[in-house]
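Enquirer: structure for this input, please:
(chains A, B and C)
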Amino acid sequence: MADLSIAIDDPAARTARRRYAINRTIIYGLLLLFSAVYLLPLAVVVMNSFRPLPEIAQHGLINFPRTIQFSAWIDAWSTYCINGTCEGMKRNFFNSLYMTIPATIISTFLGALNGYILSKWRFPGSEFLFTCMLLGVFIPGQIALLPWAYLLGQLGLQNSVQGLVLVHVIQGLSFTTLFCRNFYVSIPDDLIKAARIDGAGFWRIFRKIVLPISPPILIVTVIWQFTGIWNEFLFGVVLTSGREQPITAALVALAASETNVRNYDVMSAGVLIGALPPLLIY
Amino acid sequence: MEQVGVQPSGSLREWLGRNLPILILIPSLIGSLTYVFVFTGWTMYISLSDSSLLPSYGWVGFENYASLWSSRRWNIAYSNLFFYSTFYVLGAMGIGLILAILIDQRVRAESGWRTIFLYPLAVSFVVTGTVWSWLYSPAAGIEFLVKSLGFENFEFALTASRDYAIYAIMITGIWQSSGFAMALFLAGLRSVDQDLVRAAQIDGASTFRTYRKVLLPSIRPIFLAVAVIMLQFAIKTFDLVVALTGGGPGIATTFPAIYVYDLMFQRGQIAQGAGAAIMMLVALAVVLVPYAFYMAWRRRREAGHG
Amino acid sequence: MTLEADDGEFIALVGPSGCGKSTLLNMIAGLETVTSGEIYIGDRLVNSVPPKDRDIAMVFQSYALYPTMSVRENITFGMESRGVPKAEQNAAVDRVAAFLQIEPLLKRKPGQLSGGQRQRVAMGRALVRDPKLFLFDEPLSNLDAKLRVDMRTEIKKLHAKVGKTTVYVTHDQVEAMTLASRIAVMYRGELQQFDRPHNVYSRPANLFVAGFMGSPSMNFLPGKTEPSGIRLESGDLLATPVPSGASENVILGLRPEHIHRADAETLARRPNSARVTAAVEVVEPTGAETIVVMRLGQQEIVGRFAPDMAPSVDETVELALDMDHACLFDPTTERLL
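Expert: Numbering: from 1, shown residues only, chains lettered A, B, ... in the order given. The predicted structure is shown next:
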């Protein structure tokens, strides 16, 4: 196909070649078109975070930068006022980080352990218990709002990042257990049997045999948990307020506090700050 | 368990060894099962109580559900949900399928294309909603752009209109989730036995016919799974609407999830809010329970054949 | 069911899939709990002894080599679990590696090995334990046909050298015949016969064993007893002494290799042969021998001939059925008479 000099003078072959070329053009054309739509919002935020506000007002949001400024990033990070406090999004960013990292690690580790038990150390009733845990995947967060608010209050964790960590660990367990169990089911049972005959116990098998084969599923689980927890909004906005809020809740507050003049430049930078960690981990 | 006390200490160790897996599982089980059963039960109880700003346990039966279903706002919310879910699921699956088929044509830089269509998944609904709300803004977004290109009469003010704001949510929702559908479809297409494709080619089927008659029918279960997952997303839709329209203009784009949040934490009617949350659970059950039964039935049938 | 293996014996558990042979092996290994009955290894009742303390080693069908460890680590994993000193571990690995000729593989990962090499490593892992009892769970069924025959010989040599008691599970009756000192045939969770290979083959205890052992399998010809012999459905009367317990109906079992052409030499050599006439339907040369499917009345019978003695299709042949090797079964109890 690449070398047209071997063109054989066969009309059927020639039409086939032409058809192929047309097909390819259509395929890549469509892909380019879709990509443009998918990338447009990203391009808009990235560019606007570097454009001065008057320029945005004059030429609209969807346009290329004529001059470049970095002040919006600094404002958004450390000085911009949200809900009356003027220290930018830095605090909320770190709230999100302190919430997401422990919650991801704990829920993934427990999920791996649960998955290992539920696939390789089954006991009577374990399948039933697994099914019950699975229901947690489907339950809408709204159901748990009041109970969490009450429970965190009782535990003295209301309006705290630690409280959110607890919420996300418990809610994430269903997912992480499901992921890991389904992966571990595909590990041959013979491997575990061989290790038991070799004298290895529960922990040794987990540490020496199961964990070393686990990186693929652990990576998937960590990505899933990290993006899910980082991007979560409902619990953040309900269970915390003001300075304790994670970045998603702060972003909404930022957008809502703008009534008249829209500071698109600062908000673009803010949005990017909020979107960056999951994009990076992706 | 009651034997422990009777037996010598050596066998206590043995008992511990034998039951170690269960013991390790217990904390997770307590957490998960509390979340699944206790929380649901409690919310259900609240929905049948006379709670207002704070939980209280006076029994009022289905009163809250009655006032819920007579609320105009709730009716708008759930009819929005029906309308939105239908087009959101169809749209995301349609575009997802087109993308999957395009990428399946042995294109160059496949993983590059895939990343482009998948990255919205990594971004929160809050971010997506905020950015798209700018694009929909008549003063600076798409309308401004097209007008500045010379089409002075162009109007694209979806979010400002009571009738069209829901389409803005739909478009954004589809933009965010079609990549997910694409990934699942693509995985499905790749898992089809390549001999089937070769057989179809030798039978002289065109690419189009190969997909329509051979490939797509053999990934039918994936269509169903994607639809169920998407429906689940639709029912839980919350952040996107908050960031995009805030439920407005007025109450035009209220969704059940927003209604729950509003009643519980803005208006102090937690009993009715709990009722609305339970209705969301019912909606999910309506989607998931038949699917679970269908899957169980299919598995049994397959086992019967095998 | 009672099975007892003498010291150094090679027991093959054979049967179709789902007959309970793997469950039995898992119970011996301690991987499945025994609900009733007793298992002894040596003089020790091991019902509640965990697998690691049973002094056994096991080779699995999938080899079950730990994929993230090197061959050396795979072999030493068990010793490490038991806290054997490093120097001793190394000595043991070297000894086993030399024995199985896998020294060049020690640094590799299982994923880099061929099927036969993995098989050797799996055996090395078992050998290094120097256990009382070896357990093999269909160890050859993942290998291709040629390698399987080679490895079968290897296992036989290995057993001769090591001389440890071995329980070997397989669904392949040829493996069982070639390897075992005694064969236990299982079917539907029950022991059908437990005997030396020759006896299992030539005097199968019942119809199931008779049909399962041997390929092509034994011919079963229904007939009625008469004072002078057995009358087949085809009308042929086969002269043979009828055992005293026989009822009116019997099933005559005859292996394909005991069907010969009725030439003078055969008849002279095997005076207890019964003569019948059959029509040849299919001829399947396999090289060393030729399998011939024939029709005797309504009944299909299979014979095994030397290539130069094989008839051709559509020919009508005179056959001599060697009644010295015939087995008679009771059709209701299915047992050997």
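
Enquirer: report whether the expected contact of residue C:180 with residue C:136 is present.
Expert: No: in this structure, residue C:180 is not within contact of residue C:136 by CB atoms under 8 Å, at 11.0 Å. (C-beta placed from N, C-alpha, C; glycine too.)

Enquirer: any shared contact partners between the two?
Expert: Applying CB atoms under 8 Å, 6 or more residues apart in numbering or on different chains, one finds that residue C:180 and residue C:136 are jointly contacted by residue C:168.

Enquirer: looking at those two, which one has more neighbours?
Expert: Between residue C:180 and residue C:136, residue C:136 has the larger neighbour count (other CB atoms under 10 Å in any protein chain shown), namely 27 against 24.

Enquirer: element containing the nearest residue to that one once chain neighbours are set aside?
Expert: Excluding the flanking residues, the one nearest residue C:136 by CB to CB, 6 or more residues apart in numbering or on different chains is residue C:168, at 4.3 Å. Assigned by DSSP states H and E, residue C:168 belongs to strand C:165-170.

Enquirer: mind listing what's buried in the helix or strand following that strand?
Expert: Using DSSP H and E, the helix or strand that follows strand C:165-170 towards the C-terminus is helix C:173-179. By 16 or more other CB atoms under 10 Å in any protein chain shown, the buried positions in helix C:173-179 come out as C:173, C:175-177, C:179.

Enquirer: same check, this time on stretch B:228-248
Expert: Of all the residues in stretch B:228-248, those buried under the rule 16+ other CB under 10 Å are B:228-247.

Enquirer: helix or strand: which one has the residue most central in space within chain A?
Expert: Residue closest to the average C-alpha location in chain A (CA atoms, centre = their mean): residue A:227, at 1.6 Å. When elements are assigned from DSSP H and E, residue A:227 belongs to helix A:215-231.

Enquirer: give the rounded mean pLDDT of the following helix or strand past that helix.
Expert: Following helix A:215-231 in sequence order, the next helix or strand is helix A:234-239 (DSSP H and E). Averaging the model's pLDDT scores along helix A:234-239 yields 86.

Enquirer: skip ahead from helix A:234-239 and say which helix or strand is next.
Expert: Per DSSP H and E, helix A:234-239 leads on to helix A:247-257 as the next helix or strand towards the C-terminus.

Enquirer: dump that following helix to PDB, restricted to CA.
Expert: Output of helix A:247-257 as PDB, limited to C-alpha atoms (Å, rounded to 0.1, in the frame of the first residue of the first chain):
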ATOM      1  CA  ILE A 247     -11.200  21.800  46.200                       C
ATOM      2  CA  THR A 248     -14.300  20.700  44.300                       C
ATOM      3  CA  ALA A 249     -16.600  22.400  46.800                       C
ATOM      4  CA  ALA A 250     -14.300  25.500  46.800                       C
ATOM      5  CA  LEU A 251     -14.600  25.700  43.000                       C
ATOM      6  CA  VAL A 252     -18.300  25.700  43.100                       C
ATOM      7  CA  ALA A 253     -18.200  28.300  45.800                       C
ATOM      8  CA  LEU A 254     -15.800  30.300  43.700                       C
ATOM      9  CA  ALA A 255     -18.100  30.200  40.700                       C
ATOM     10  CA  ALA A 256     -21.100  31.000  42.800                       C
ATOM     11  CA  SER A 257     -19.500  34.000  44.500                       C
END
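
Enquirer: which strands and helices sit next to it?
Expert: When contacts are defined as 3 or more CB pairs under 8 Å, 6 or more residues apart in numbering or on different chains; DSSP states H and E, helix A:247-257 packs onto helix A:90-120, helix A:215-231, helix A:234-239, helix A:264-281, helix B:125-136, helix B:239-244.

Enquirer: and residue C:313, helix, strand or coil?
Expert: Three-state call for residue C:313 (DSSP: H, G, I helix; E, B strand; the rest coil): coil.

Enquirer: what residues sit buried inside the helix or strand encompassing residue B:80?
Expert: Taking DSSP H and E as the definition, residue B:80 sits inside helix B:72-103. Neighbour counts over helix B:72-103 (16+ other CB under 10 Å) mark B:74, B:76-78, B:80-81, B:84-85, B:87-89, B:91-93, B:95-103 as buried.

Enquirer: what residues does the stretch 51-200 of chain A put near chain B?
Expert: Residues of the stretch 51-200 of chain A lying close to chain B by CB under 8 Å from any CB of the partner chain are A:56-57, A:59-63, A:110, A:113-114, A:117-118, A:121, A:123, A:129, A:132-133, A:135-136, A:138-148, A:150, A:169-171, A:173-174, A:177.

Enquirer: and the residue nearest to residue C:136, how close does it get to residue C:215?
Expert: Using CB to CB, to the nearest Å, residue C:168 is found at 19 Å from residue C:215.

Enquirer: so residue A:201 sits against residue B:16, correct?
Expert: No: using CB under 8 Å, residue A:201 makes no contact with residue B:16, being 11.4 Å away.

Enquirer: so which of those two has more stuff around it?
Expert: Of the pair residue A:201 and residue B:16, residue A:201 is the one with more neighbours under other CB under 10 Å, namely 14 against 11.

Enquirer: for the more buried one, which non-adjacent residue is closest in space?
Expert: In space, and not counting its chain neighbours, residue A:201 is closest to residue B:17: 7.4 Å by CB to CB, 6+ apart.

Enquirer: pLDDT score assigned to residue 9?
Expert: All of this refers to chain A. For residue A:9, the model assigns a pLDDT of 64.

Enquirer: nope, chain C please
Expert: In this model, residue C:9 carries a pLDDT of 90.

Enquirer: how about the contacts made by the closest residue to chain B within the stretch 101-250 of chain A?
Expert: With CB to the nearest CB, the shortest gap between the stretch 101-250 of chain A and chain B falls at residue A:231, namely 3.2 Å. Shown in contact with residue A:231 (CB under 8 Å, 6+ apart): A:248, A:278, B:123-127.

Enquirer: could you redo the last one with a cut-off of 10 Å?
Expert: Neighbouring residues of residue A:231 by CB atoms under 10 Å, 6 or more residues apart in numbering or on different chains: A:96, A:100, A:246-248, A:274-275, A:277-278, B:121-128, B:239.

Enquirer: and residue A:88, by the same measure?
Expert: Applying CB under 10 Å, 6+ apart to residue A:88 gives the contacts A:73-82, A:250, A:254, A:266, A:269-270, A:273.

Enquirer: who wins on neighbours among these?
Expert: That'd be residue A:270 among these, by other CB under 10 Å, with 31 neighbours.

Enquirer: hmm, it is touching residue A:74, no?
Expert: No: checked against CB atoms under 10 Å, the pair residue A:270 and residue A:74 is beyond contact range at 11.6 Å.

Enquirer: shared neighbours of these two, which are they?
Expert: Counting by CB under 10 Å, 6+ apart, the shared contacts of residue A:270 and residue A:74 are A:80, A:88.

Enquirer: circling back: the buried residues of stretch B:228-248: which ones sit near chain A?
Expert: Applying CB under 10 Å from any CB of the partner chain to these, one finds that B:228, B:232, B:235-236, B:238-240, B:242-244, B:246 fall near chain A.
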